[in-house]
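Student: A structural model of the following input is requested.
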Amino acid sequence: MGRSVSPYEASAFIQDGMTVGTVGTTSSGCPAAVFSALAERAKREKPFQINLWASGPPGHGVDGILSERNLIKRRMGQQSNPILRKAVNQGRTSFCEQALGRFPDRIRAGFFGHMDIAVIEATAITEDGHIIPSTCVLEAPVYIDRADATIIEINTCCPLEMEGFHDIYVPKLPPFRKPIPISNTGDRIGRPYMEVEKDKVIAITTSHRPYTSGEPVYPDQESRAMAGHLIKFFHDEIVCHRLPENLLPIEVGLGATAEAILQSLAVSDFHNLDFYTAVLGDGILHLIDAGKVGAVSATGLYLSRKGYGDFFKKIREYRRKIVLRPLDIADSPEVIQRMGVIALNGAVEVDIYGHVNGTHVPEGVISGIGGGSDFANNSYLSIFLLPSTRRRGTVSTIVPMCFHVDYPEHAVDIVVTEQGLADLRGKDPLERAHLIVTQCAHPVFRPMLEAYVKKAIVHNGGHEPHVLEEALSFHGGMKGMGQETFSSSENRQEAHGPNPLP
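Tutor: Prediction:
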């Protein structure tokens, strides 16, 4: 109690040039009171900047208000706020995006240098001095371990019943690391709290910030069509004995397509479904309510305003099904591969040979790769879903060549658009090109893409033939899309994080 201070007093510990680590998503888990006070200080003091590490990505209450005051010198992790994104793409803020499954290890090993302060939102502090996280865990345990000091912000709007959701297990660094003992999605292997050295806690403050994120996302016709293709594919795989009847643990992101998939699963004949994923959205709660879910493993909640209302009303029921883990466990390549996770990720564009751009438009980065690469590269099935066009049908998302590649062809098994599904397993590049163009491209753009493939074969031949000048011309229509189409983590039309689905 002697360390209990106001948010403004807590923010005074954060000084110019410091490196600060925090966690949270745009809808929950952010210690916004401390960072709001930090932005308020900036109005009264001489200019200062900090280095901010956060995978979340946290919402406007952290990234947005700090960027408005030009307080972020260097940003590490993943971002989604349009104000920060603009600063990054204009070169005013340095941004180092990270594959999130490896992010905690790299912090723990000291790859990125020294961390001064961790700022963490909590539900409560136990009598023994342990921290009960709020609605997100993410990389909080490694920040608490590595930082010189910790500021804890207790959000009194987070019900005490959150205790028991969390499973905090911290792996050791090589060469002392042991296998992570998770065999089933719901396994608990750690403790329900985070441990902290008491002398490191320099301030404890409180906030009363309701979980009032955006409105629910509803599927449109395109996303329902994609979900239909995917459900049919699952049934076909079961018939061919390549999937069990309850599928395998599923990783799914957020947004209209994710909601369409989850709604389709809710009315399907699938039962006892497991989800081993990074973030948990409204649709998974609805599946639990429908009695379709065995267990859910995630690292944080990403719910709508209504979703949080439903969650808190039935919090004890959901605690029987949901486990919230640290990021390096939720996105662990070892666990993803061993459990045979089915990875469902979104994309900005896919080229004819199966390479995927998930993070960039011509103006620059959208958000960062997040946890998508952890799941895509280690999953039993790596599936990418995207609409075949954007900008009301004027821009094709199926292109001759991606101008930025986040996922090489070797990490892509299936491509789905509202037009159809291309199964790329075991196909050579020209076979993949034929499938992607005929099954996934919009009919308006299909003749152009077919003509491109023929011309590339005639003029260059080879393994993956290209005509570079023509390939690059396909991206002209994407200019200007960076802010208007993909700034969705704030309005929930597109997904955050590690696993965006349009």
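Student: what sits against the spatially closest residue to M115 that is not a sequence neighbour?
Tutor: Spatial nearest neighbour of M115, chain neighbours left out: A147 (4.5 Å); criterion: Cβ to Cβ, 6 or more residues apart in numbering. For the C-beta atoms, the positions are set from N, CA and C on the backbone; glycine is no exception. Residues in contact with A147 (Cβ atoms under 8 Å, 6 or more residues apart in numbering) are 21, 115-118, 200.
Student: repeat that with 10 Å
Tutor: Counting by Cβ atoms under 10 Å, 6 or more residues apart in numbering, A147 makes contact with 18-21, 53, 107, 114-120, 196, 200.
Student: how near is it to H114?
Tutor: As judged by Cβ to Cβ, to the nearest Å, A147 and H114 stand 9 Å apart.
Student: between the two, which contacts overlap?
Tutor: Going by Cβ under 10 Å, 6+ apart, residues that sit against A147 and also against H114 are 18-19.
Student: helices along the stretch 301-450 of the chain, start to end?
Tutor: With DSSP state H, counting those that start in this stretch as the criterion, the stretch 301-450 of the chain has helices at 305-313, 315-319, 327-330, 333-339, 372-378, 429-435, 446-459.
Student: could you say which of those helices is packed most deeply?
Tutor: helix 327-330 (a mean of 28; mean count of other Cβ atoms under 10 Å).
Student: helices or strands next to it in the packing?
Tutor: Contacts defined by 3 or more Cβ pairs under 10 Å, 6 or more residues apart in numbering; DSSP states H and E place helix 327-330 against helix 103-109, helix 140-146, strand 293-298, strand 322-324, helix 333-339, helix 372-378.
Student: just the CA trace of the first one, in CSV.
Tutor: Just to be clear, that refers to helix 103-109. The C-alpha trace of helix 103-109 is given here as CSV (Å, rounded to 0.1, in the frame of the first residue of the first chain):
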residue,chain,number,x,y,z
PHE,A,103,9.7,-12.2,-29.3
PRO,A,104,9.7,-13.2,-25.6
ASP,A,105,12.8,-15.4,-26.0
ARG,A,106,14.7,-12.6,-27.8
ILE,A,107,13.8,-10.2,-25.0
ARG,A,108,14.8,-12.7,-22.4
ALA,A,109,18.1,-13.3,-24.1
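Student: which neighbouring elements make contact with the helix of greatest length in the chain?
Tutor: In the chain, assigned by DSSP state H, the helix with the most residues is helix 221-239. The contact analysis (3+ Cβ pairs under 10 Å, 6+ apart) places helix 221-239 against helix 256-266, strand 342-346, strand 381-385, strand 414-417, strand 420-423.
Student: walk me through which strands the third one pairs with, and which way each runs.
Tutor: Applying DSSP bridges, strand 381-385 is found paired with strand 342-346 (parallel), strand 414-417 (parallel).
Student: what would those strands look like in TSV with mean neighbour count and mean pLDDT?
Tutor: As requested, the strands paired with strand 381-385 are exported to TSV (neighbours: other Cβ atoms under 10 Å; pLDDT from 0 to 100):
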stretch	mean neighbour count	mean pLDDT
strand 342-346	27	96
strand 414-417	25	98
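Student: please tabulate those in a markdown table, including the columns distance to G426.
Tutor: Below are the strands paired with strand 381-385 laid out as a markdown table (distance: least, Cβ to Cβ, whole Å):
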| stretch | distance to G426 |
| --- | --- |
| strand 342-346 | 18 |
| strand 414-417 | 12 |
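Student: against which helices or strands is the longest strand that the chain contains packed?
Tutor: Across the chain, the strand with the greatest residue count (assigned by DSSP state E) is strand 117-125. If contacts are counted by 3+ Cβ pairs under 10 Å, 6+ apart, strand 117-125 sits against helix 7-11, strand 19-22, helix 32-44, strand 50-54, strand 131-133, helix 140-146, strand 149-155, strand 201-207.
Student: okay, the ones you listed in CSV with mean pLDDT next?
Tutor: Shown next, in CSV, are these (pLDDT from 0 to 100):
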stretch, mean pLDDT
helix 7-11, 96
strand 19-22, 97
helix 32-44, 94
strand 50-54, 97
strand 131-133, 97
helix 140-146, 96
strand 149-155, 97
strand 201-207, 96
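Student: how about the ones you listed, which one is nearest D269?
Tutor: Closest to D269 of these is strand 131-133 (Cβ to Cβ; 36.5 Å).
Student: hmm, who's touching that closest one?
Tutor: Contacts of strand 131-133 with the rest of the structure, by Cβ under 10 Å, 6+ apart, involve 23, 29, 120-126, 140-141, 144, 150, 152, 154, 158, 160, 162-166, 168, 192-196, 201, 300, 324, 326.
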